[in-house]
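>>> I would like the atomic coordinates for the input below:
(one chain, ligands or ions: 1)
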Amino acid sequence: MKHVFIVNPKSGKADASQFFVPALIERVAPLKLDYAVEITAYPGHATEIAKQYAMAREPVRFYACGGDGTLNEVLTGAFRYPEAEVACVPLGSGNDFLKNFGTAEDFLDLEDNISGWAVPVDLMQVGEDQISAAICSAGLDAAVAYNIPKYRRIPFCGGKMAYNISIVENICKPMGNRMTVSVDGKAFTGNFLLAAVANGTTYGGGFRAAPRARMDDGLLDVLLVNKVSRLKVAGVIAKYQAGRHFSGDEIIPELRQIITFVRGREVQIVPEKEIVTNIDGECDLRPQVSIRVLPAAARFVLPARLAEAYTPLVGLAGSV
Ligand SMILES: Nc1ncnc2c1ncn2[C@@H]1O[C@H](COP(=O)(O)OP(=O)(O)OP(=O)(O)O)[C@@H](O)[C@H]1O
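Residues are numbered from 1 along each chain as shown. Modelled structure (predicted):
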């Protein structure tokens, strides 16, 4: 099998082509692998690189070396090819996807990652031609992420500070979006702070919005958070962030009037006005969003120690 390391130099805080690639080559060379290193030159390039290799229809493993955006791009390029599997070397700022399986440290163990194997994971089809691996959302959380780049350029205003300023800005604006969210045909209409459609548990740099979601159950966990007063919003968001809005498979009693949780396979979000949406960390204004689960659509490589401990819900490990 060919091993292709696709490195995004713009992920995370430092340029991985400088600090990671030399170390990678030093560690991989003695392993006598058939390998290649590709450095992305622009957004979307990782998809093109993955597609180009996968089209040879030979067994190939891609290592998405970057954050969730890079992983999304590599999965997008690879998932239609049964000979291709996708691993992740977490060099981004959030790397929320891999939290479904283990920690960043587990995936940074390069030798363990290389000797790991693939398990089937679900993906989401967003609209006609976009793929999402972890979570799609619309509303307040997406608007906060959308505004962050504007503050990052202010001197002394780094990641966390930019995030906090963006939260304050969004909480000061009128909150809530009137929308209808349909889950497998059942419609929920209301004034929602946010709607999240989760394949995985975590997004936004550690928000455990869907702590009960599984990447291999063929289902999406949908969370609808009602508009609440400014006084209540911080408390609700704090619980939502920590995953404390759930007890077992249910929303905790004190939040049941505020948060609706349903599972399904197809979701349409139709807002009254254009809304900011977040698809695996990439934010855009959209008039509406439709999302459909693609069960066991990709092969995701777990490092050997995690793969040994992993119990899949569907199929057998490595056999999509
Ligand atoms: N050479 C490049 N120049 C500019 N942007 C690039 C380049 N290569 C990739 N990108 C873009 O960089 C964006 C950010 O990458 P990524 O999401 O992997 O990092 P991150 O934001 O640090 O991590 P996370 O999403 O986990 O927080 C992606 O949307 C990707 O399209």
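>>> residue ranges with poor pLDDT in the stretch 151-300 of the chain?
In the predicted model, the stretch 151-300 of the chain carries pLDDT under 70 at residues 151-162.
>>> So the nearest residue to Val225 once chain neighbours are set aside, which state does it fall into?
Spatial nearest neighbour of Val225, excluding adjacent residues (Cβ to Cβ, 6 or more residues apart in numbering): Leu193 at 4.5 Å. (Glycine included, C-beta is placed from N, CA and C.) Of the three states, Leu193 takes strand according to DSSP: H, G, I helix; E, B strand; the rest coil.
>>> Next, count neighbours for Leu193.
When neighbours are defined as other Cβ atoms under 10 Å, Leu193 has 22 of them.
>>> Show me what Val60 bridges to in the sheet.
Taking DSSP bridges as the rule, Val60 bridges to Lys2, Ala84.
>>> quick one, what contacts it?
Met1, Lys2, His3, Val4, Tyr53, Ala54, Glu83, Ala84, Glu85 (Cβ atoms under 8 Å, 6 or more residues apart in numbering).
>>> do that again at 10 Å, thanks
Contact analysis of Val60 by Cβ atoms under 10 Å, 6 or more residues apart in numbering lists 1-4, 34, 36, 50, 53-54, 78, 81, 83-86.
>>> This protein: helices as residue ranges?
With DSSP state H, the ranges of helices along the chain come out as 16-19, 21-28, 45-54, 68-78, 104-108, 110-114, 140-152, 159-172, 230-242, 304-309.
>>> which bits of the protein sit near the ligand?
Within the chain, the positions near the ligand by Cβ under 6 Å from any ligand atom are 8-12, 40-43, 45, 66-70, 73, 92-95, 281-282.
>>> Show the buried residues in these.
Among these, those scoring as buried are 8-12, 40, 45, 66-70, 73, 92-95, 281-282 (criterion: 16 or more other Cβ atoms under 10 Å).
>>> From those residues, which land in strands?
Gly66, Glu282 (DSSP state E).
>>> domains of this structure?
Domain ranges of the chain: 2-123+296-309, 135-294, per automatic domain parsing.
>>> now, of those domains, which is deepest in the fold?
domain 2-123+296-309 (a mean of 20; mean count of other Cβ atoms under 10 Å).
>>> now it: how far from the chain's centre is it?
14 Å (Cα atoms, centre = their mean, to the nearest Å).
>>> ditto for stretch 290-306
Relative to the chain's own centre, stretch 290-306 is displaced by 11 Å; criterion: Cα atoms, centre = their mean.
>>> Spit out the contact partners of Pro174.
With contact taken as Cβ under 10 Å, 6+ apart, Pro174 is in contact with Lys227.
>>> Quick check: it vs the ligand, distance?
28 Å (Cβ to the nearest ligand atom, to the nearest Å).
>>> Next: Leu231.
Relative to the ligand, and taking Cβ to the nearest ligand atom, Leu231 is found at 31 Å.
>>> swap in Pro303?
Going from Pro303 to the ligand by Cβ to the nearest ligand atom gives 18 Å.
>>> Any idea which residue of the protein lies closest to the ligand?
Distances between the chain and the ligand by Cβ to the nearest ligand atom are smallest at Gly67, namely 1.9 Å.
>>> residue contacts, the nearest residue to that residue once chain neighbours are set aside?
Leaving aside its chain neighbours, Gly67 sits nearest to Gly92 (1.7 Å; criterion: Cβ to Cβ, 6+ apart). Residues near Gly92 by Cβ under 10 Å, 6+ apart: 8, 10-13, 16, 64-71, 104, 205, 281.
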